[in-house]
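> Here is a sequence with its predicted model. Questions after.
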Amino acid sequence: MSLEIEIAKNSGYCFGVKRALDIAENTLNKYRNKNAKIYCLGQIIHNKGVVEELSKKGIKFVDKEEDIEPGSIFIVRTHGMPPDIIDKLKSRNIKIIDATCPFVKNAHAKARTLSKRGYFLIIIGNKKHPEVIGIKNHAKGCQYMVVENLSDLDSIGKKEKIGVVVQTTQTLKNVQAIVSGLTKIGKEILVENTICNTTGNRQDAAKDLARKVDIMVIVGGKNSANTTHLAEISKKINKNTYHIENYKELKTEWLKDIKKVGISGGASTPKQDILEVKKFIENKF
Ligand code: SF4
């Protein structure tokens, strides 16, 4: 039986991830012979394999800021970070190299502006995601709330002015539903659509492919928000959607008696991981 395999358009690294990884490589090259320690708090991008590779090359990934030694180099992850943590690191003579995606920085700036202008800030996004934690810290001192879904709006109460910013990887559908709910709570609603376009384009391409194939394989970190959303979106169209981190998680029974497989990957998924999935399927069938 011949099995057809198609990779969705716009799969793999986005601009922000490529940029962050270039910054990491350049930093490693620049400080290689200077005996400097290079740190990152949390994962620079949400991909285990990439983080392991960078660890081998010399970047120390830590979970607590106290583990970062004074006088060292510190790379800010793609998802951005709360400004008070960065200030604390600077005060300990730690050199900051900022790999925050410019689109995430845009969401920081919009949150600050809305707060200064007296809006009650709504951040639409995942409460525990580092990007959302960073955004809310940029709006410090003002009233804000992180909203994941419509039911979160029940506890807000009436407001005069509501300003909205959005985690870059949110789906438009979720944002539209929440904004529609906000119109019943606030008199004035100002929405800054900070969803990243590359996310939308990737989601559209995955949707198109999910309609044409028997199964969809979504490759990427399980802790990656955009990869997880991609899998959710695909599953709504094609129930035979599987989210895997690499080819080793592929199960041959998923591929039994099917004619066409679609593959897509999140913004933090190396092209290589997607090609390995394709190769594995080709070799098996
Ligand atoms: S998905 Fe968009 S916002 Fe997120 S890192 Fe990539 S380019 Fe930046």
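Arrived safely, thanks for sending.

> Tell me who's in contact with the residue in the stretch 1-150 of the chain positioned nearest to the ligand.
Per CB to the nearest ligand atom, residue 16 is where the stretch 1-150 of the chain lies closest to the ligand, at 2.5 Å. C-beta coordinates here come from the backbone N, C-alpha and C atoms, glycine included. Applying CB atoms under 8 Å, 6 or more residues apart in numbering, we find residue 16 in contact with 78, 101, 102, 103, 104, 196, 198, 267.

> Around the ligand, pick out the residues from the protein.
Residues of the chain found near the ligand (CB under 6 Å from any ligand atom) are 14-17, 78, 101, 103-104, 168-169, 196, 198-199, 226, 267.

> out of these, which are buried?
Among those, those scoring as buried are 14, 16-17, 78, 101, 103-104, 168-169, 196, 198-199, 226, 267 (criterion: 16 or more other CB atoms under 10 Å).

> what would those look like in a markdown table with pLDDT?
Below are those laid out as a markdown table (pLDDT from 0 to 100):
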| residue | pLDDT |
| --- | --- |
| 14 | 93 |
| 16 | 95 |
| 17 | 95 |
| 78 | 96 |
| 101 | 97 |
| 103 | 96 |
| 104 | 97 |
| 168 | 93 |
| 169 | 88 |
| 196 | 92 |
| 198 | 90 |
| 199 | 85 |
| 226 | 87 |
| 267 | 92 |
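
> what about the residue lying closest to residue 209 once chain neighbours are set aside, how many residues close to it?
Nearest residue to residue 209, sequence neighbours excluded (CB to CB, 6 or more residues apart in numbering): residue 262, at 4.0 Å. The number of residues packed near residue 262 is 27, by other CB atoms under 10 Å.

> Name every strand pairing with the helix or strand containing residue 262 and say which way it goes.
Following DSSP states H and E, one finds residue 262 within strand 260-265. Here strand 260-265 has these sheet partners by DSSP bridges: strand 4-7 (parallel), strand 215-219 (parallel).
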